[in-house]
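S.K.: Task: produce atomic coordinates for the following.
(2 chains)
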Amino acid sequence: MKKLVVLLMIMGILLLSSVAFAQVANPDWWKKAAEPYQGVVIRGVSESTPPSKTIAEIAAPAFEELTGIKVELETTSWDEMYNKEIQDMQAGAGIYDFVYIEQDAAASYLEQNWLIDLTPLVDNADLTAPDFDLPDFTSFIDSFKDEEGKLYGIPFEAFLKTYIYRTDLFNDPEIQAAFKEEYGYDLAVPTTWEQYTDIAKFFTEYGKEKGIEIYGHVAQAKTHPCLAYELCETIWPTWGVYNWGVNLENMRTSVENGGTLNSDTAKEALAWYVDMLQYAPPGVRTYTWDEAAAVFGTGIIAQGFLYMENLGWLANDPDRSVVIGKIAVDLPPTKPGVMEAAEAGEGYIGYYDGGAWGIPHSSKNKEAAWLFIQWCTRKEWQPEFAELATTVVRQSAFEDPIIDELNEKMGDYYTLMQEKGYLFAGCPPLPMQTPLNELYLQWISRAVAGEISPEECLDNLAEKADQLMEELGY
Amino acid sequence: MKGNKKQVWGLISPTLALMIAIGVIPVIYIIYLSVFRYSVFARTGMTYIGFDNYRNLMFDSEFLSSLRLGLSFVFFCCIIEIPLGLLIANLLTYEFKGKGIFRTIMALPLAMAPVSIGSMWVLLTNPDVGPLPYFLGKVGVEYNIGVNATQAFATTVFMDVWHWTPFVILTFMAGLASLPKDPYEASLVDGANRWQTFRYITLPLLRPVILTTLFIRIMDTFRIFDEVWMLTSGGPGTATRFVSIHLVREVLRSMNYGYSSAMSLFLLYLTIVICWLLLTFISAAQEES
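M.R.: Residues are numbered from 1 along each chain as shown, chains lettered A, B, ... in the order given. Next up, the predicted model:
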């Protein structure tokens, strides 16, 4: 009986994968292009996120079945992925044939010349599918080009980090009345940080009064790289402090050197961030990006900021989320003038992240890796991929009925991404962003722990960051 | 005789070659790297700077602070684990009901991987759902290792004590079992009480075992990483940023290979000095006993 169940399960999985890959636009082309590489094993490394896991579990086996090229894709933790691929590329060991390039790291990888230019491969008709359609990719692909327009990565995941809230709580008449009575205006999606603070305070106190566990704020405040990222990507830009406070012209951060890292605005924003932790659950200082999303999924958070790569399971997976059908997303609140600056292209209001596949110089199977990269980003598979992994990197996918259906479940996220995505930006081109993030973390975590004041923190940090830039030759 | 020598060399040469490959060559490479300014992300590439990395180390307040924290961690762990282990090992020399079960349960933490220990303590101490904050809250203690630096430090010490005291107990039990019986019989004849027997016979005879165990625990606690990394990642702030955590962050996140090589060598030197001091004590103790 047990064997029969296992057999049925295996058959089910195989059937599902074959259904998922029923839409291969031109199977003969793939077979012919892959003919010289049959039996080759290509290895890749990526972060263990829904898009990467979908590729490892569904795209890779189907590719192997069709082409005879075996794919071994390691999906591991974020920091482990960085360590593995950087050490491989730096040593030129050639362990990996394709690697995950997080948008943040793209500038570092290009500066170090670790990746091959994909443009010649794109232009090679024998190796590039006729319907690959490069212009169909969203503008996110530009994050993986150099100044000359050469392409080093093909995006397969893209998402925003933006404001998320509980519609059931915001629309509850009793809560609305209590909020209006307390603050004198209607409870609605906040457009200013003052409103956000009021809402956070209101929900946390409302929970205490009513004896229910509800908090008005969540953050990723653990002593972990995510803490520095939260300030740089989400908080400071909405206060008008862009590019991690770095003056990109001379790569300096301190006010005296033209940066904004220790500006009054940055200090005010950091002080606000630390103060707001009182409205988050008691364990907030132990949360990374994973815990922040997980806690939101338990239904005890009214509003906050999350990486939208989590939205898929938050909106669809009843095993992990109790907020299905109760969430919506919107633009983050901003300080006066910031939204206008972003609309004029002079600033941004949040983080547009994601990743691409790239091929290291040290890869031993570049052509086979290129075929697999195209396979993962095929136009006809993108709507299904979006359904499985909550990510869209092609314009055409936005038009698909599957996305319309998902959009409804996910609080109009895809509409926001398509229509307002231009207001968000990825990491600025900082080739030294990894050590810089570590330095930021070292100081910001001390302010969050109350060891030092936000002013002391940012003055010291700006000084140390300038020193680091100088030491690294910038 | 000459033939024998050749045979001996033939037999040990594979091990010797392996030791050189995985032990000596990396150390030489680290010594080489330590005299360069070398970060993966530097535009300048590798720049020879002599002993500047070592000099900077002596003025690096973050490093010195993490070294102080690391040594404090070693001190608190050892000062608790050794007496506690000795006490429990002594108690286990007596017969009592359930002794076998107690010994089995006691040794269980030793079978667990440090990463699992760290994960388990993350769940135990989670301020939102963990049982520790819950029960401590019931008795009026506000326990939150994400906020309170002292609690975070104390928790890492307690976690290490929980994990490694069984090892100390086992080594002491082995030591106690190997002690000669004659002095005890003589003490009985002389009318010594239990404390006097322990103080004047057991402790002096057990001294080499105690020092050896202490030696092992100092080395282990000095290089603690996995459990603390899982539990606090060095936080809150810098409360548990022990020197091992600081070093790993410097290598893996900052990728500052030159400076972190100098840091590693300094720590190696410090470890050797501590080992040498302890070995001197152990040798002296062995001679005495």
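
S.K.: residues from chain A in reach of chain B?
M.R.: A:79, A:83, A:86, A:90, A:108, A:111-112, A:221-225, A:281-286, A:295, A:431-432, A:434-435, A:437-439, A:442, A:445-446, A:448-451, A:471-474 (CB under 8 Å from any CB of the partner chain). Quick note: C-beta positions are derived from backbone N, CA and C, even for glycine.

S.K.: Out of those, which sit inside helices?
M.R.: Secondary-structure check on these using DSSP state H: residues within helices are A:79, A:83, A:86, A:90, A:108, A:111, A:225, A:295, A:434-435, A:437-439, A:442, A:445-446, A:448, A:471.

S.K.: By neighbour count, sort out the buried ones in those.
M.R.: A:83, A:86, A:108, A:111, A:225, A:295, A:434-435, A:437-439, A:442, A:445-446, A:448, A:471 (16 or more other CB atoms under 10 Å in any protein chain shown).

S.K.: The longest strand along chain A: how far from the chain's middle?
M.R.: Among the segments of chain A that qualify as a strand by DSSP state E, the longest is strand A:154-166. A distance of 6 Å separates the centroid of the chain from that of strand A:154-166, by CA atoms, centre = their mean, to the nearest Å.

S.K.: That strand: partners in the sheet, and parallel or antiparallel?
M.R.: As defined by DSSP bridges, the strand partners of strand A:154-166 come to strand A:303-307 (antiparallel), strand A:327-330 (antiparallel), strand A:351-358 (antiparallel).

S.K.: Turn those strands into TSV, including mean neighbour count and mean pLDDT.
M.R.: TSV is the format used below for those (neighbours: other CB atoms under 10 Å in any protein chain shown; pLDDT from 0 to 100):
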stretch	mean neighbour count	mean pLDDT
strand A:303-307	24	96
strand A:327-330	20	96
strand A:351-358	26	94
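
S.K.: what comes into contact with the host helix or strand of residue A:106?
M.R.: Using DSSP states H and E, residue A:106 sits within helix A:106-111. Outside helix A:106-111, the residues within contact range by CB atoms under 8 Å, 6 or more residues apart in numbering or on different chains are A:89, A:101, A:115, A:143-144, A:146, A:152-153, A:356, A:358, A:427-434, B:41, B:43.

S.K.: Out of the residues you listed, which end up buried?
M.R.: Buried, going by 16+ other CB under 10 Å: A:89, A:101, A:115, A:143-144, A:152-153, A:356, A:358, A:427, A:429-434, B:41, out of the contacts of helix A:106-111.

S.K.: check contacts around the closest residue to chain B within the stretch 301-450 of chain A.
M.R.: Closest residue of the stretch 301-450 of chain A to chain B, CB to the nearest CB: residue A:449 (3.0 Å). By CB under 8 Å, 6+ apart, the residues touching residue A:449 are A:223, A:285, B:147, B:149, B:235-239.

S.K.: what's it sitting at in phi/psi?
M.R.: Main-chain dihedrals, residue A:449, degrees, to the nearest 10: phi -80, psi -10.

S.K.: Roughly how far does it sit from residue A:141?
M.R.: Residue A:449 sits 40 Å away from residue A:141, going by CB to CB, to the nearest Å.

S.K.: Confirm residue A:101 sits in a helix?
M.R.: No - counting by DSSP: H, G, I helix; E, B strand; the rest coil, residue A:101 is not part of a helix but strand.

S.K.: Identify the residue nearest residue B:206 in space, chain neighbours excluded?
M.R.: residue B:175 (5.2 Å; CB to CB, 6 or more residues apart in numbering or on different chains).

S.K.: for the longest strand of chain A, what is the average pLDDT?
M.R.: Mean per-residue pLDDT for strand A:154-166: 95.

S.K.: following the helix or strand of chain A with the lowest mean pLDDT, which helix or strand shows up next?
M.R.: In chain A, the helix or strand scored least confidently by mean pLDDT, DSSP states H and E is helix A:2-20, which has a mean of 48. Counting by DSSP H and E, the element after helix A:2-20 in chain order, helix or strand, is helix A:27-34.

S.K.: Going by neighbour count, list what's buried in that next one.
M.R.: Buried residues in helix A:27-34 (16+ other CB under 10 Å): A:30, A:33-34.

S.K.: I'd assumed residue A:349 was in contact with residue A:343.
M.R.: No - applying CB atoms under 8 Å, one finds residue A:343 not in contact with residue A:349, separated by 9.2 Å.

S.K.: which of those two has more neighbours?
M.R.: residue A:349 (24 against 13; other CB atoms under 10 Å in any protein chain shown).

S.K.: for the more buried one, helix, strand, or coil?
M.R.: coil.

S.K.: can I assume it is in contact with residue A:338?
M.R.: Yes - contact criterion CB under 8 Å: residue A:349 and residue A:338 qualify, at 6.3 Å.
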